[in-house]
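Enquirer: I would like the atomic coordinates for the input below:
(one chain, ligands or ions: 1)
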Amino acid sequence: MKIGFIGAGFIARFQAVAIEQVRGIEIAGLTRRRGSEALAAFCRERGLGEARIFDSIGALANHVDAIAIYVPNYARIEVMEQIVAAVQAGAALKGVILDKPLGRNMQEARRMVELARSANLRTAYFENQIHMRAIRTQREQLLPVMRSMGPLTLTRSAEEHGGPHEGWFWDPTRQGGGVLLDMGCHSIAVGRHVLTPPDKDLLFLKPVSVSAEVGLLKWGQPHWREQLLKTRGVDYAKTPAEDFATGMITYRNPETGQLVKAQFTDSWMFEKQGLRLFMDGMGPGYAFEVNTLISSLSIFIGDVAAQAIADQEAALEKATASRGLLAVQYNEADLYGYTDENRDMLQAFSAGRDAMLSWEYGLEIQRLVMASYLAAERGRTLDLTDPAVLAELETYVPAIQQGRGHDQLL
Ligand SMILES: NC(=O)c1ccc[n+]([C@@H]2O[C@H](COP(=O)([O-])OP(=O)(O)OC[C@H]3O[C@@H](n4cnc5c(N)ncnc54)[C@H](O)[C@@H]3O)[C@@H](O)[C@H]2O)c1
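Expert: Prediction:
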């Protein structure tokens, strides 16, 4: 399958590394943008495909079977409108891929779904954590135990690091919020997935209620706020976003009525070695735990040797230290699930169907993220079975996203 990339930044490169591990996908083209020459050279060096650079989305669409949208959150709709225009003008695209989140709010997310359906495109919502082999393997391993003992009743999911790599992520109006949208969407999705019995549909569990809190614990402090303004051009004295979020979503099993809970915690103020994904789950008499900072490889670099370090991020995404005992993950693309989400998309699009996670699935996650913002803003638990709450979420735009997070966060 010939894939075209729109966007040539951080995730596009990570996905190229993942695709190197999947047979049958060729990175055939990219649109011209900051970073596209370097990414094209990387793809060609590694034999990942022709990686031809096109000046327009329309030209790219005529050269590939599927398009992956790897652009900032604020640019998704304009990009998708151009893809749809290309299909209407005759491009024979099979499907579109979008890395999380689907939009900044429900209205944007719905628009993305409508656009894809209007052009009869198959969709893949890339939520890598659901594809992590650690998550898939524990589910396969525990299925017989669940059948005899009953399902998991509690899960905790966390994604944490020291803060994003580009200014637009920090700006709540462009990104759509702070860490709750950026990384909470991962933890909320994987939490729901982990609690869902492996032999049931992805949306089997029915959301009952959500409570959440957000905070600006590090980057609102004067020293860090100034650093953020200097390095990222975003002023948290005026338009702050949350660097910490936590919450609890309760689900009901529609067959048994049993209530189960998924707790999420996400932060941009994590001071350990680098990115950590943590998930655990408790069932009656059994449990699992995933911690991506535990690797079979650790490296020690003492002070005298530290000058020789060229690139600390080679050890781990968002690495914060280049000496001492370093956690090293040598295949992060696979560890985090990027490899298997591409493999799933390839099989699905080749068979003419949506990926395991469609954009409609992404919409369900968007709703839970927006509900978490609303619960935090109101300071109370929301009833997710109340039609009035669900209706409100359709047009809700969090105050933080509107650039009015001052009262809530400072
Ligand atoms: N699944 C994950 O773990 C993960 C990790 C990082 C990012 N992401 C998601 O991927 C998306 C991109 O993030 P990133 O980190 O690569 O960002 P980035 O800023 O590193 O790269 C964005 C790329 O998009 C290009 N771009 C900007 N506006 C554009 C437009 N209007 N049209 C075409 N191209 C445009 C930029 O030139 C750049 O090449 C975000 O939505 C983010 O949420 C997901």
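
Enquirer: buried set for stretch 370-383?
Expert: 370-377, 382 (16 or more other C-beta atoms under 10 Å). Every residue, glycine included, has its C-beta placed from N, CA and C.

Enquirer: Can you give the distance from that stretch to the centre of its chain?
Expert: 21 Å (C-alpha atoms, centre = their mean, to the nearest Å).

Enquirer: For it, which outside residues touch it?
Expert: The contact list for stretch 370-383 (C-beta atoms under 8 Å, 6 or more residues apart in numbering) reads 105-106, 177, 180-181, 184, 188, 207-214, 245, 247, 249, 264, 384, 389, 392-393, 396, 398-401, 408.

Enquirer: Could you turn the buried ones of those residues into a PyMOL selection?
Expert: Buried members of the contacts of stretch 370-383, defined by 16+ other C-beta under 10 Å, are picked up in PyMOL with:
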select buried, resi 105+106+177+180+181+184+188+207+208+209+210+211+212+214+245+247+249+264+384+389+393+396+398+399+400+401+408
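
Enquirer: quick revisit: save the buried residues of stretch 370-383 as JSON lines, and put in pLDDT too.
Expert: Shown next, in JSON lines, are the buried residues of stretch 370-383 (pLDDT from 0 to 100):
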{"residue": "M370", "pLDDT": "99"}
{"residue": "A371", "pLDDT": "99"}
{"residue": "S372", "pLDDT": "99"}
{"residue": "Y373", "pLDDT": "98"}
{"residue": "L374", "pLDDT": "98"}
{"residue": "A375", "pLDDT": "98"}
{"residue": "A376", "pLDDT": "98"}
{"residue": "E377", "pLDDT": "98"}
{"residue": "L382", "pLDDT": "98"}
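
Enquirer: Give me the subset of the residues you listed that lies in strands.
Expert: L382 (DSSP state E).

Enquirer: mind giving me a markdown table with the buried residues of stretch 370-383 and columns for distance to Q227?
Expert: Output for the buried residues of stretch 370-383, formatted as a markdown table (distance: C-beta to C-beta, whole Å):
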| residue | distance to Q227 |
| --- | --- |
| M370 | 30 |
| A371 | 33 |
| S372 | 28 |
| Y373 | 26 |
| L374 | 31 |
| A375 | 31 |
| A376 | 25 |
| E377 | 27 |
| L382 | 35 |
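
Enquirer: Cross the contacts of stretch 370-383 against strands and list the overlap.
Expert: Those of those lying in strands (DSSP E): 207-214, 245, 247, 249, 264.

Enquirer: show me which of these neighbour the ligand.
Expert: Among these, proximity to the ligand is found for none (C-beta under 6 Å from any ligand atom).

Enquirer: Mind picking the two most distant members of these?
Expert: V208 and V214 (21.2 Å; C-beta to C-beta).

Enquirer: Tell me how far the nearest residue to A241 once chain neighbours are set aside lies from the ligand.
Expert: Closest residue in space to A241, ignoring its immediate chain neighbours: G178 at 3.1 Å, by C-beta to C-beta, 6 or more residues apart in numbering. According to C-beta to the nearest ligand atom, to the nearest Å, G178 stands 13 Å off from the ligand.

Enquirer: In the stretch 251-400 of the chain, what residue comes closest to the ligand?
Expert: Sorted by distance to the ligand under C-beta to the nearest ligand atom, the residues of the stretch 251-400 of the chain start with Y336, at 6.5 Å.

Enquirer: ditto for the stretch 51-200 of the chain
Expert: A75 (3.6 Å).

Enquirer: Apart from its chain neighbours, what residue comes closest to G163?
Expert: W268 (4.2 Å).

Enquirer: With M269 instead?
Expert: Nearest non-adjacent residue to M269 (C-beta to C-beta, 6+ apart): K218, at 3.8 Å.
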